[in-house]
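> Build me a model from this:
(chains A, B, C and D)
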There are 2 protein chains.
Amino acid sequence: MTEPDEVLDNLAQVSFAVMARLSQVAAAHELSLTQLRVLGILRDRTPKMAELATHLGLDRSSVSGLVDRAARRGLVSREASRDDGRSVRVSLTPEGHSLAAELTAEVSRAMAPLLSDFGAADRARLGVLLGRMLA
Amino acid sequence: MTEPDEVLDNLAQVSFAVMARLSQVAAAHELSLTQLRVLGILRDRTPKMAELATHLGLDRSSVSGLVDRAARRGLVSREASRDDGRSVRVSLTPEGHSLAAELTAEVSRAMAPLLSDFGAADRARLGVLLGRMLA
DNA sequence: CCTTTTAGTTGGTAATGCCCACTACTTTAG
DNA sequence: CTAAAGTAGTGGGCATTACCAACTAAAAGG
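Just a heads-up that it's a prediction; the model follows:
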């Protein structure tokens, strides 16, 4: 009998639940999940295209189009690097910043129900365990 | 100051990490994440199209194409319901079943590193906490 | 019956994300 | 210093994803 690993199974299930909620928040603002991620990443970074691609786990060419569309909406802007004439730095516009802030709040609100019946101690425990997974 | 909720933040991060690993497994078999999900769902179910759509959180029309492509690869098959001439039941072919089994194993293998420095007690604790989120 | 609801498919559209080829700039060698 | 090799980003071509709206076929209700 193939004993399914319950922890991993739950982890996958929870991850899908999280993604569903994130997608919903994104969709409410006419954004894809990836665009949401981009805004999240740019909230405290100003990476080159290639770095952004690495963060997202995507091909550089995919990020080109992604940034194109975000720029067309006035959410991000490209600035040429002065130290390297090839690279481009991507950053949030003021508009992008305020949207990102709003999205952060909405994401928290959307995810909170997942922990609705968690006390402070359990939340803390979970936070620590999840944190160790990111190490 | 916007105090970021660390638990939720970690949860989102971990979820993205899980998705990345799942996508990798899927891609290694020329499947999308959604196709992987379909195979997972069909492993212990034989739903109608509409039920499958609900499970995936997708539009019925999206599932039509999804099943089309999976069927073209010989992984799933459609059978007309006899009790309802409109509905269609989707099920795994033998080929789909063996692929699904293989994928299950690979998914476990791909996700395991996330818990590499977890002892049995921590794994159990995490499993319980995650399980409560799914209730 | 005849109308309304339901199941599924089809067509049209936009976005995603890959690979490959290309340009432009940098770096390294010779 | 110049030629070759490498790196950054873009663009085209492609299949897939997923939406909506319109459609066909079957079922249910009046």
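
> Pull up the residues of chain A that are close to DNA strand D.
For chain A, the contact set with DNA strand D under CB under 7 Å from any atom of the strand comprises A:48-51, A:60-61, A:63-64, A:67-68, A:78, A:84, A:86-89. All C-beta atoms are positioned from the backbone trio N, CA, C, and that covers glycine.

> if you set the cut-off to 6 Å instead, what comes out?
Residues of chain A that fall close to DNA strand D, judged by CB under 6 Å from any atom of the strand: A:48-50, A:60-61, A:64, A:78, A:86-88.

> Is it possible to get CSV of those that adds distance to residue A:36, pLDDT and secondary structure?
Output for the residues of chain A next to DNA strand D, formatted as CSV (distance: CB to CB, whole Å; pLDDT from 0 to 100; DSSP: H, G, I helix; E, B strand; the rest coil):
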residue, distance to residue A:36, pLDDT, secondary structure
A:48, 21, 97, strand
A:49, 19, 97, helix
A:50, 21, 97, helix
A:60, 20, 97, helix
A:61, 20, 97, helix
A:64, 18, 98, helix
A:78, 20, 97, strand
A:86, 28, 96, coil
A:87, 24, 96, coil
A:88, 21, 97, strand
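
> Buried among those residues? Need that as a selection in PyMOL.
Per 16 or more other CB atoms under 10 Å in any protein chain shown, the buried members of those correspond to this PyMOL selection:
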select buried, chain A and resi 49+88
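
> Export the residues of chain A next to DNA strand D as a markdown table, with columns for distance to chain B.
Shown next, in a markdown table, are these (distance: CB to the nearest CB, whole Å):
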| residue | distance to chain B |
| --- | --- |
| A:48 | 21 |
| A:49 | 19 |
| A:50 | 18 |
| A:60 | 17 |
| A:61 | 17 |
| A:64 | 20 |
| A:78 | 24 |
| A:86 | 28 |
| A:87 | 25 |
| A:88 | 24 |
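
> Contacts only, for residue A:53.
Going by CB atoms under 8 Å, 6 or more residues apart in numbering or on different chains, residue A:53 touches A:59-60, A:62-63.

> now, which of the residues of chain A next to DNA strand D sits nearest residue B:29?
Set against residue B:29, the nearest of those by CB to CB is residue A:61 (23.2 Å).

> any idea how far the closest one is from residue A:34?
The gap separating residue A:61 from residue A:34 is 14 Å, by CB to CB, to the nearest Å.

> and if you look at residue A:57?
10 Å.

> so what pLDDT did the residue nearest to the spatial centre of chain A get?
Centroid-nearest residue in chain A: residue A:37, 2.8 Å away (criterion: CA atoms, centre = their mean). On the pLDDT scale, residue A:37 is placed at 97.

> sec struct for it, please.
Secondary structure assignment for residue A:37 (DSSP: H, G, I helix; E, B strand; the rest coil): helix.

> Determine the number of other residues adjacent to the residue nearest to it when sequence neighbours are not counted.
Closest residue to residue A:37 apart from its sequence neighbours, by CB to CB, 6 or more residues apart in numbering or on different chains: residue A:56 at 6.3 Å. A count of neighbours around residue A:56, defined by other CB atoms under 10 Å in any protein chain shown, yields 17.

> which residues touch residue A:56?
A:34, A:37-38, A:41, A:62-63, A:66.

> Just the buried ones from the residues you listed?
Buried, going by 16+ other CB under 10 Å: A:37-38, A:41, A:63, A:66, out of the contacts of residue A:56.

> Serialize the residues you listed to TSV and add fields for distance to residue A:13.
Listed next are these as TSV, based on distance: CB to CB, whole Å:
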residue	distance to residue A:13
A:37	21
A:38	26
A:41	26
A:63	30
A:66	28
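
> and which of those residues is nearest DNA strand C?
residue A:66 (5.3 Å; CB to the nearest atom of the strand).

> Hmm, the closest one is touching residue A:34, no?
Yes: in this structure residue A:66 lies within contact range of residue A:34 using CB atoms under 8 Å: 6.3 Å.
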